[in-house]
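Q: what's the 3D shape of this:
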Amino acid sequence: MRCLDTNEIKLLKSELENKKKSIGVSKLRAAIYARKSAEDERQTSIPTQIEECKKFISNYEFLELKQIFQEDNVSGMFIDKRTEFNKMLSMTINGELDVIIVMKLDRFSRSVEDASNGIKRIRQSGCFLIAGDIACIPQTPSDGLLLNIMTALNQYYAERAASDVMASECNNALKGFATGLLPYGYKIVRADRKSPPQIMINEDEAPAIRIMFEAIEQGESYNYVIGELEKQGFKTRKDTTFCKSTINAMLRNEKYCGNLIYNRLGGKRKKNRVLVEKFDEIRNEDSIPKIISVEQFNNVQKILSDKNRCRPKPHKSTKYILTGSLSCKCGRPMSGSMTGSKHIRNYICRCHTQKGENHCETRDINADKLERAVKIVLTDYINSYIANTDLSQDEIKKLYEEYTQDTTRYERKIVDLDKTINRLIMQSAKLTDQDMIKVYQKSIRSCQNECKTLQSQKAEKEKNIDRLNSLLSSKNKKPASLKINEIFYNDEISKKLVILLIDKIYVDNNEIKIKFNA
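A: Predicted coordinates for the structure are as follows:
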């Protein structure tokens, strides 16, 4: 590191005299900031940066080391995710530090804008930035020009390095070599240090990929896939259970059928990118080992596309559970409608308000009363079916085992979520950036909500286990009759039961007729 010039020493000593009078300090309170990013392979290590800065402080009796801030694998082009950097700036604004020391200016920031704003904020708070390669306290116009040139060069070098890395990755993709992070099911193999990274199938993970594609090709659901993966002991590389979104992304990854695609057009892009230069998409087909065939991949894509096309739009609430099954005596369907200022739910025949030949005499029917009547009939129907149907001991044991496995799976997930929540709480307690704290709090709330849902599902399974236990204890004992609220506990289930059991409900002003499915 360089030595301070005469003007810098004079300015710092003058500041020390002011601090002695105002807050009674004997030395200027100094902090060291050290940073290294992933692309800084040839840059000085963090321990070396800290050691050099400590030697610099020891050369001046008016400086005293108070704190060290260090960040590894963090880009100098952006400041939003640099927690230690932002913490340091906060301490300068609060008057807790007098001098910030970096081994080189590019360790402070590689962005012209961020470096300029950061230095300005430090100066406004009565603090000084000292860099080991350039004077950051301009005394003349030439000093200011040199500082601006240096920050511009630092930004240029960062952007140039990003372009070089991107060009190298594109070249690797063209040759079929590994680029970036490989997906689940593959691994990187090198013959020696100098040889290029080859992509090979990871036989410990590849069977999970084959299970996913085969199950979806056979028409199974994501929940079935998750269950099969759990049974066979497959987990993600983070040692967590596969979720639907992860499986969906893996099913759409062309690498599994041998196609290497890099810098995909329309793919995800980071919000902040150092890269300025634009690069074309690289598509290299049949360049890596196939885990599945191209034909199987295309079949699964067609199935996924059809599912998306046929998927109904989500609705906030199924308010009218009889819609689609309810017909007026005139033969036309009856639909739900809100009437009056109190928003009373009714089922109506649209022809009732018409005049002439299309007029229907069937009046509006209160939806709550009609649905209640239908639920009572269905409850008797279901209980009658249960009473007249014998379950063998083997069937009961099979159900008992399934419910027990579900309960165990829910318990494991709840334990994992509790660990995740505790980890997030501990990490958020160390943060000072309010935006990052909000992100962590949102993740914590999401995990807590998921945990509550799992606990509710586990409790429901445990109730079913208790019922099966009573059946197993006495072979001839019949299960107790189900109550209406035990069957129709929400609108979605009620709607499904109506569709499953009822073919048509006929209504006029005097009676209701229900035709059950055969």
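Q: ok, which stretches of this structure are strands?
A: Residue ranges of the strands in the chain, as given by DSSP state E, are 28-36, 63-72, 99-102, 128-131, 186-189, 198-201, 260-262, 282-284, 326-328, 334-339, 344-349, 365-366, 502-507, 512-516.
Q: quick one: strands adjacent to the fourth one?
A: Looking at strand 128-131 with DSSP bridges, its partner strands are strand 99-102 (parallel).
Q: before we move on, what about the last one?
A: Under the criterion DSSP bridges, strand 512-516 sits next to strand 502-507 (antiparallel) in its sheet.
Q: The partner strand relative to strand 344-349, how many degrees between them?
A: Strand 502-507 and strand 344-349 are oriented at 90 degrees to each other (axes from the mean of the first three to the mean of the last three C-alpha atoms, to 10 degrees).
Q: average pLDDT across strand 502-507?
A: The pLDDT scores in strand 502-507 average 85.
Q: and what of stretch 158-165?
A: Mean pLDDT, stretch 158-165: 80.
Q: out of the strands of the chain, which comes closest to Lys81?
A: Across these, Lys81 has its closest neighbour in strand 63-72 (9.3 Å, C-beta to C-beta). C-betas here are computed from N, CA, C, even on glycine.
Q: Just put the strands of the chain in TSV and tack on mean neighbour count and distance to Leu146.
A: Supplementary listing: the strands of the chain in TSV, determined by neighbours: other C-beta atoms under 10 Å; distance: least, C-beta to C-beta, whole Å:
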stretch	mean neighbour count	distance to Leu146
strand 28-36	23	21
strand 63-72	17	24
strand 99-102	26	17
strand 128-131	22	12
strand 186-189	16	44
strand 198-201	16	47
strand 260-262	20	40
strand 282-284	17	41
strand 326-328	21	82
strand 334-339	16	73
strand 344-349	20	76
strand 365-366	18	84
strand 502-507	17	84
strand 512-516	13	89
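Q: Distance-wise, check the closest residue to Lys244 other than its chain neighbours relative to Lys496.
A: Counting by C-beta to C-beta, 6 or more residues apart in numbering, Lys244 lies nearest to Tyr222, which is 4.5 Å off, once chain neighbours are set aside. Look at Tyr222 and Lys496: by C-beta to C-beta, to the nearest Å, they are 19 Å apart.
Q: Have a look at those two and say which one is more surrounded.
A: Between Tyr222 and Lys496, Tyr222 has the larger neighbour count (other C-beta atoms under 10 Å), namely 19 against 12.
Q: Per-residue pLDDT of that one, please?
A: So Tyr222 comes in at 90 (pLDDT).
Q: for Arg273, same thing?
A: Arg273 is given a pLDDT of 64.
Q: Tell me where the model's unsure across this protein.
A: Scanning the chain for pLDDT under 70 picks out the ranges 38-42, 178, 180, 264-277, 279, 307-318, 340-342, 386-400, 467-481, 518.
Q: and the residue nearest to Ile514 when sequence neighbours are not counted, bridged to which residues?
A: With sequence-adjacent residues excluded and distances taken as C-beta to C-beta, 6+ apart, Ile514 is closest to Ile505, at 5.4 Å. Beta bridges link Ile505 to Leu326, Ile514, judged by DSSP bridges.
Q: check contacts around Ile505.
A: 322, 325-327, 374, 512-515 (C-beta atoms under 8 Å, 6 or more residues apart in numbering).
Q: can you check Leu65 too?
A: Leu65 touches 30-32, 54, 57, counting by C-beta under 8 Å, 6+ apart.
Q: Farthest pair within those?
A: Spatial extent of the contacts of Leu65 (C-beta to C-beta) is set by the pair Ala31 and Lys54 at 11.8 Å.
Q: The spatially closest residue to Glu8 that is not a sequence neighbour and Glu15: what is the separation?
A: In space, not counting the residues next to it along the chain, Glu8 is nearest to Ile137; the distance is 5.9 Å by C-beta to C-beta, 6+ apart. According to C-beta to C-beta, Ile137 and Glu15 sit 10 Å apart.
Q: Overlap of the contact sets of these two?
A: Residues touching both Ile137 and Glu15 (C-beta under 8 Å, 6+ apart): Phe128.
Q: Pull out the buried positions in the longest helix along the chain.
A: For the chain, the longest helix by residue count, based on DSSP state H, is helix 434-473. Going by neighbour count (16 or more other C-beta atoms under 10 Å), the buried part of helix 434-473 is 436, 440, 444, 447, 451, 454, 457-458, 461, 464-465, 468, 471.
Q: can you redo those residues as CSV with distance to Cys243?
A: Output for the buried residues of helix 434-473, formatted as CSV (distance: C-beta to C-beta, whole Å):
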residue, distance to Cys243
Met436, 24
Tyr440, 20
Ile444, 18
Cys447, 13
Cys451, 15
Leu454, 13
Gln457, 16
Lys458, 18
Lys461, 20
Asn464, 25
Ile465, 26
Leu468, 29
Leu471, 34
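Q: Out of these, which is nearest to Ile23?
A: Nearest to Ile23 among the buried residues of helix 434-473, with distances taken as C-beta to C-beta, is Met436, at 30.7 Å.
Q: you'd agree that closest one is up against Thr83?
A: Yes: the pair Met436 and Thr83 passes the contact test of C-beta atoms under 8 Å, sitting 6.8 Å apart.
Q: is the closest residue to Asn366 other than its chain neighbours in a bridge, and if so with what?
A: Take Asn366 and drop its neighbours on the chain: the residue closest to it by C-beta to C-beta, 6+ apart is Asn346, 6.1 Å away. Assessed by DSSP bridges, Asn346 has beta-bridge partners Ser337, Asn366.
Q: which residues does Asn346 contact?
A: Going by C-beta under 8 Å, 6+ apart, Asn346 touches 336-339, 364-367.
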